[in-house]
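Student: Fold the stuff below for me.
(chains A and B)
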Amino acid sequence: MLELADYTFYFLAALVLISGIAVITAQNPIFSALWLALTMIGVAGIFVSLDAWFVAGVQLIVYAGAVMVLFVMVIMLFDLRHEIHAFSRGILSGFLKLASAGIVLGLIVGTVYRSAETVFAPPPVETDKMADVTKALANTLFTKYIFSFEVIGVLLLVIAIGAVTLSRIRGGTHASHD
Amino acid sequence: MPAMTEALLKVSLNHYLVLSAILFTLGMLGVLLRKNVIVILMSIELMLNAVNITFIAFSRYSGNIDGQVMVFFVMTIAAAEAAVGLALAVLIFKRFKEVNIRYFEHLRG
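Tutor: Got it, this is the predicted structure:
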């Protein structure tokens, strides 16, 4: 018998896939960005359905919040009125790209249906309370993965400096005026 | 055969993995087919989200919390990658007044 959780999954999956298709087909980049925000919200819902509440919250804050603001701000910097050729041209190469994507999808789905059912046949584990999951996550992150955590911090510093440096480079038309 | 259909429709790990595979393919198609650098970056975000769904689903169905930690790292890398990619897009737009992927080959130094 199908339960509420199943219908929730199908609703969220439809939301994610429809908005995902809209991201790559929208002509205007600002619409792509808004559809991408909807996709992120759908993915956060899927995380909730998998009992990963804290990750879902982080997904909403980091992706649907920070990263989307970054995208929208950069789009607002540009003047993108004339984007006539949104898609790459070439019928043959287009078919090749579609075919390669289809092959990748077929390979993954085929592999999933051949193997995953046998490996993970038992029913899902009993869920803990929301706070317990978050606590276990923090315990793992700050003990087993503490070195990776610190390295990620250094990486973020490097990225921040690199992004500022890149955007301060004067190039092309600007160089001739200085 | 309604019983068999219902067994197929009952949500299991496979459903999450297939959803993730479809989302990943969508992102891949976006990277391959679009020419706008910003849309290509968004498609990369789609692919990373698909990988995150896989991590969380495996973490849930195997009862192992490590997958969620990996998702944190993936999110950090994704945010960093978006920042650098958008900085490059701004650089391209400053030079060519357009954010087409084919102008990337003219960036040097």
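
Student: quick one: the residue nearest the centre of chain A and chain B, what's the gap?
Tutor: Centroid check for chain A by CA atoms, centre = their mean gives residue A:40 as the closest residue, at 6.4 Å. As for residue A:40, its distance to chain B is 7 Å (criterion: CB to the nearest CB, to the nearest Å). Bear in mind the C-beta positions are built from the backbone N, C-alpha and C, glycine included.

Student: so residue B:64, which of the three states?
Tutor: State at residue B:64, reduced to three classes by DSSP: H, G, I helix; E, B strand; the rest coil: coil.

Student: Got the phi and psi for it?
Tutor: phi -120, psi 130 (degrees, to the nearest 10).

Student: quick one, what contacts it?
Tutor: Residues near residue B:64 by CB atoms under 8 Å, 6 or more residues apart in numbering or on different chains: residue B:58.

Student: Over to residue A:155?
Tutor: B:76-77, B:80.

Student: Tell me which stretches of chain A form strands.
Tutor: Counting by DSSP state E, chain A has no strands at all.

Student: domain parsing for it?
Tutor: Following automatic domain parsing, chain A resolves into domains at A:1-85, A:88-127, A:128-172.

Student: Check these for me: which has the lowest mean pLDDT.
Tutor: When the domains of chain A are compared on mean pLDDT, domain A:88-127 scores lowest, with a mean of 77.

Student: Centroid-nearest residue for chain B?
Tutor: Closest-to-mean residue, chain B, CA atoms, centre = their mean: residue B:47 / 1.7 Å.

Student: Confirm that residue sits in a strand?
Tutor: No: looking at residue B:47 with three-state DSSP, it is helix, so not inside a strand.

Student: Is there a neighbour count for the nearest residue to it once chain neighbours are set aside? I'd like the number.
Tutor: Once flanking residues are discounted, residue B:47 sits nearest to residue B:27: 3.5 Å by CB to CB, 6 or more residues apart in numbering or on different chains. By other CB atoms under 10 Å in any protein chain shown, the residues close to residue B:27 number 26.

Student: so residue B:27 touches residue B:46, yeah?
Tutor: Yes: with contact defined as CB atoms under 8 Å, residue B:27 reaches residue B:46; the gap is 3.5 Å.

Student: you'd agree the residue nearest to the centre of chain B is up against residue B:32?
Tutor: No: look at residue B:47 against residue B:32 with CB under 8 Å: they stay out of range, at 11.5 Å.

Student: List the backbone torsions phi and psi for residue B:100.
Tutor: The phi/psi pair for residue B:100 (degrees, to the nearest 10) is phi -90, psi 140.

Student: got the contact list for it?
Tutor: B:35-37, B:92.

Student: Kindly present the residues you listed as TSV, with separate columns for pLDDT and neighbour count.
Tutor: Converted to TSV, the contacts of residue B:100 look like this (pLDDT from 0 to 100; neighbours: other CB atoms under 10 Å in any protein chain shown):
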residue	pLDDT	neighbour count
B:35	83	18
B:36	84	25
B:37	86	24
B:92	79	22
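
Student: out of those, who's nearest residue A:92?
Tutor: Ranked by distance to residue A:92 (CB to CB), those are led by residue B:35 at 16.9 Å.

Student: Pull out the buried members of the contacts of residue A:155.
Tutor: B:76, B:80 (16 or more other CB atoms under 10 Å in any protein chain shown).
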